[in-house]
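Q: Provided below for reference: sequence and predicted model.
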Amino acid sequence: MSYIFTNITHELLTPLTVISASVDKLREQVPQFSHDYDMMQLNIQRMVRLLQQILETNKSEAGELKLLVAQGDVMRYIQEAANCIEPLLARKNMQFNISCIPESMMGWIDTDKLDKIIYNLLSNAAKYTNEMGTISLHVRTSEHYDRIRIEVSNTGKGISPKMMKQLFHRFHDGDYRQYHTTGTGLGLALTQDMVHLHHGTITCESEADKLTTFIVDLPISKEAFSPEEIYDSSNSDFILPKNTIKNFDALIPDFNAAPEIDDLIDEDTYKILIVEDNAELLMLMQQLLRPYYRIYIAPNGIEALKIVHEKELDLIISDVMMPQMDGIQLTQAIKGDSNYYHLPIILLTAKTQEEDIQKALEIGADEYITKPFHLRDLKLRIDNIIENRRRRQQDIIQKTEEETLKTFPKSSPEELFLSRVLEYIHIHLEDEEYDRNSLASDMGTSASTLYNKLRSITGMNVSAFIRDVRMKEAKKLAEQDPKLRVSDLAYSVGFHDPRYFATCFKKQFGIQPKEFLESLQQAEPER
């Protein structure tokens, strides 16, 4: 089975190479999409690294891992290797410290093995460090300059004694769920294999709620390795690692950046909040959905709640596994709030167990999509929710206010809310200046909360609902007195421009108000 799995892994590397080459070709031919190409290459690199880690694990199990050391500036190599992963750590607002004493030191190392050791230790530290935490990489040489000591430390809850005993076991599950992260169970086991292959040692020290430190001790003198392990070349200096993403920061959405001016957005455009801690996936979803909807973004549940309270939203799409506040907690917070429980929520997750799906639906999630998913499927779910609202809107438009209220249970939150809204609109029916902000003030709520609740109940935004009430009242007044002039009818329902009133009337009822009044007058003798 291991042989077959290794062959499949090799086969996967081939199409990834083709994809990478194709991206490079597109970059040359259509350079204006460099942002997208960078993101593609970043994820290609990650997939390649994961596949290579699987291959290395299989080699280790089969005793086929080989060591090949070369001479070069060890300290400089370690600094460059660490710098390549620094942007990934910066995404979680972590403080990252690097110190090498001395800053430059020639020695003999296997750069491929050392790169994997550094990467795995730092990425492991990132998984178990909370946002705003600290990760440190300290490297120093021995007294005789024949060995190096690498210490990778991170703040956090630490590792329990029970977990410490299994720390370097292959497929060890760790505390991933506690930290809302994921893992393969290969990284630390493979790191230990690499260290031992390099004739070194690795240990771990952890103090609860303070600091966890991995300590790696490696020889760097030529005498520590056998002739078969030494790469003999006239060019003794090895190639330094390079971060192929030229502008990694450009890939990360700026969550603090000022959004586009809301007044420039059509009020009928559906407004969606995407909550996802994976910056690349968040950016991709934002780019692909932006042509169809007004998009807001947040990296976790806490930031999402701020946007929910501040913005007019129609729908929330949230990942489940996130730091600080996950998607389940976010859903519970929204569905438990009478001001926002109407907001539809689509949860995205890698969890596929039936009990996970059941839990999400029990707490009120409207949809549950498992990863990986096609973005067209996500858009289809969004459009289905929107279409259901539009049907509700058309249903309400065709009904009288009394019929609309009867569609909700008597004294239900929806019925009571809608009754108050209708009452205030009718009180200010002739006031042209009475708008969504005025109604929100009378209701004792924010404009965003009013929007969220009214849109969820009726399928209409606030302005559209006020206009709907005015139009229905105008029709009722016309039926009561067909001899009214169109201008008087317009003024009585808050329109100071009869021509604009006529346009709105025709749009809602399919007939000009003048024609409607004339038809009523012609029908009068028959009454």
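A: Perfect, I can see it now.
Q: For the chain, which segments are assigned as strands?
A: 70-73, 95-101, 106-109, 134-141, 147-155, 201-207, 211-219, 271-275, 294-298, 315-319, 345-349, 367-370 (DSSP state E).
Q: So what touches the third one?
A: Counting by C-beta atoms under 8 Å, 6 or more residues apart in numbering, strand 106-109 makes contact with 69-74, 77, 145, 148, 198, 218, 220-222, 224-225, 230, 238, all of which sit outside it. Any C-beta I mention is one placed from the backbone N, CA and C, and that applies to glycine too.
Q: let's go with 7 Å and repeat that
A: 69-74, 220-222, 225 (C-beta atoms under 7 Å, 6 or more residues apart in numbering).
Q: now the strands of the chain as JSON lines including mean pLDDT, mean neighbour count and distance to residue 126?
A: Formatted as JSON lines, the strands of the chain follow (pLDDT from 0 to 100; neighbours: other C-beta atoms under 10 Å; distance: least, C-beta to C-beta, whole Å):
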{"stretch": "strand 70-73", "mean pLDDT": "89", "mean neighbour count": "18", "distance to residue 126": "26"}
{"stretch": "strand 95-101", "mean pLDDT": "90", "mean neighbour count": "15", "distance to residue 126": "9"}
{"stretch": "strand 106-109", "mean pLDDT": "92", "mean neighbour count": "21", "distance to residue 126": "23"}
{"stretch": "strand 134-141", "mean pLDDT": "94", "mean neighbour count": "19", "distance to residue 126": "7"}
{"stretch": "strand 147-155", "mean pLDDT": "94", "mean neighbour count": "21", "distance to residue 126": "8"}
{"stretch": "strand 201-207", "mean pLDDT": "90", "mean neighbour count": "15", "distance to residue 126": "16"}
{"stretch": "strand 211-219", "mean pLDDT": "94", "mean neighbour count": "20", "distance to residue 126": "12"}
{"stretch": "strand 271-275", "mean pLDDT": "94", "mean neighbour count": "24", "distance to residue 126": "20"}
{"stretch": "strand 294-298", "mean pLDDT": "92", "mean neighbour count": "22", "distance to residue 126": "20"}
{"stretch": "strand 315-319", "mean pLDDT": "93", "mean neighbour count": "25", "distance to residue 126": "17"}
{"stretch": "strand 345-349", "mean pLDDT": "88", "mean neighbour count": "23", "distance to residue 126": "21"}
{"stretch": "strand 367-370", "mean pLDDT": "84", "mean neighbour count": "17", "distance to residue 126": "25"}
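Q: Make TSV out of those strands and add distance to residue 335.
A: Below are those laid out as TSV (distance: least, C-beta to C-beta, whole Å):
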stretch	distance to residue 335
strand 70-73	57
strand 95-101	36
strand 106-109	55
strand 134-141	36
strand 147-155	34
strand 201-207	38
strand 211-219	37
strand 271-275	15
strand 294-298	17
strand 315-319	11
strand 345-349	8
strand 367-370	14
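Q: What separation do you get for residue 26 and residue 35?
A: 13 Å (C-beta to C-beta, to the nearest Å).
Q: Which of these two has more residues huddled nearby?
A: Comparing residue 26 with residue 35 by other C-beta atoms under 10 Å, the one with more neighbours is residue 26, at 15 against 12.
Q: can you pull the pLDDT of that one?
A: With respect to pLDDT, residue 26 scores 81.
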